[in-house]
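*Asks:* need a 3D model of the following:
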Amino acid sequence: MAAPTSDKLILPRYRRDPEGTHPPLDSPGYRSTALRHPKQPLVLLPQMLTEVTGPLLGPGRLGEFDNDLTRQHAEEPQGQRILVHGRLLDGDGRGIPNSLIEIWQANAGGRYRHIGDNWPAPLDPNFDGVGRTITDSEGRYEFTTIKPGAYPWKNHDNAWRPAHIHFSVFGQAFTQRLVTQMYFPDDPLFFQDPIFNSIPDEKARQRMISRFDYSRTTDHWALAFEFDIVVRGREQSVFENEEEEDE
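*Replies:* Model prediction:
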């Protein structure tokens, strides 16, 4: 006789996020979290078929210059050209292939091409500040872009955001999206930035800072920075609430 089967659904278990890796939803120094963090217990919503089977994010959906933000217009943008590369990794250090990575950023003057960004820095007609790519079989990705500038915001007196690039990582479904930010080494504005400093663990904070990679720097062309994204485990990247994306 066949062994009896259980009707109980057994779901895979994941490593717990290391304590102190992610910012608290209510960070007093980051003033706008007081208005938008959840104040009621979270409600678990069941995932429907469309949420666990889509989107279809294959290479055929990418444009020729989607991962080169310096070649999306007739002329090149202003600013220092950089190569940003790295790997998307699981908790065991294995590359995650065929995942969509999107980036968005300010231009070299620290201004976004966005209706809500109107501080007196020039827009660059040759820079949209958005890109995307698919990881290869070993989880590697690469972008060519312009190093973004710092910009002011209204969190506190004389508040400036350090230069950064936003990253969005998609898994195999709409519900599998992670958002983080990449910073640059030795930025003098770290000390006063409440978003960067909202991460309780110092080691986790340092994982948000890219590494200057001289070996990938191209002579007379571009500097290079390496930034790995780890989705789980002890070395997990810092991920944020999607409501923070525009800052």
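*Asks:* which residue ranges of this protein form strands?
*Replies:* 81-89, 100-104, 130-134, 140-146, 151-153, 159-161, 164-170, 177-183, 211-212, 223-226, 229-230 (DSSP state E).
*Asks:* I'd like to know which elements the longest one is packed against.
*Replies:* Pointing back at strand 81-89 there. strand 140-146, strand 223-226, strand 229-230 (3 or more C-beta pairs under 8 Å, 6 or more residues apart in numbering; DSSP states H and E). Heads up, the C-betas are built off the backbone N, CA and C, glycines and all.
*Asks:* who are the contact partners of residue 212?
*Replies:* By C-beta atoms under 8 Å, 6 or more residues apart in numbering, residue 212 lies in contact with 185, 223, 224, 225.
*Asks:* wait, the second one sits on residue 84?
*Replies:* This points to residue 223. No: shown here, residue 223 and residue 84 do not form a contact pair, counting by C-beta atoms under 8 Å, at 9.9 Å.
*Asks:* for the contacts of residue 212, pick the one with the most neighbours.
*Replies:* Neighbour count (other C-beta atoms under 10 Å) singles out residue 225 as the most crowded of the contacts of residue 212, with 24 neighbours.
*Asks:* nearest spatial neighbour of it, skipping sequence neighbours?
*Replies:* Spatial nearest neighbour of residue 225, excluding adjacent residues (C-beta to C-beta, 6 or more residues apart in numbering): residue 210 at 4.1 Å.
*Asks:* confidence score at the one you found?
*Replies:* Note for residue 210: predicted pLDDT of 98.
*Asks:* next, it: phi, psi?
*Replies:* Listed backbone geometry of residue 210 is phi -70, psi 170, with angles given as degrees, to the nearest 10.
*Asks:* so it touches residue 226, yeah?
*Replies:* Yes: counting by C-beta under 8 Å, residue 226 is a contact partner of residue 210 at 6.2 Å.
*Asks:* and the two? which has more neighbours close in?
*Replies:* Set residue 210 next to residue 226 and count neighbours by other C-beta under 10 Å: residue 210 wins out with 21 against 16.
*Asks:* residues in contact with the more buried one?
*Replies:* 84, 182, 183, 184, 185, 225, 226, 227.
*Asks:* hmm, try it at 6 Å
*Replies:* Residues in contact with residue 210, defined by C-beta atoms under 6 Å, 6 or more residues apart in numbering, are 182, 225, 227.
*Asks:* which of these lies closest to residue 70?
*Replies:* Comparing the contacts of residue 210 against residue 70 with C-beta to C-beta places residue 225 closest, at 15.0 Å.
*Asks:* now the closest one: how far from residue 72?
*Replies:* As judged by C-beta to C-beta, to the nearest Å, residue 225 and residue 72 stand 20 Å apart.
*Asks:* tell me how far residue 65 lies from residue 133.
*Replies:* 11 Å.
*Asks:* between the two, who's got more neighbours?
*Replies:* For residue 65 versus residue 133, neighbours defined as other C-beta under 10 Å are more numerous around residue 133 (19 against 13).
*Asks:* for that one, which non-adjacent residue is closest in space?
*Replies:* According to C-beta to C-beta, 6+ apart, the nearest residue to residue 133 is residue 67 (3.9 Å).
*Asks:* for that neighbour, give me its contacts.
*Replies:* Counting by C-beta under 6 Å, 6+ apart, residue 67 makes contact with 131, 133, 143.
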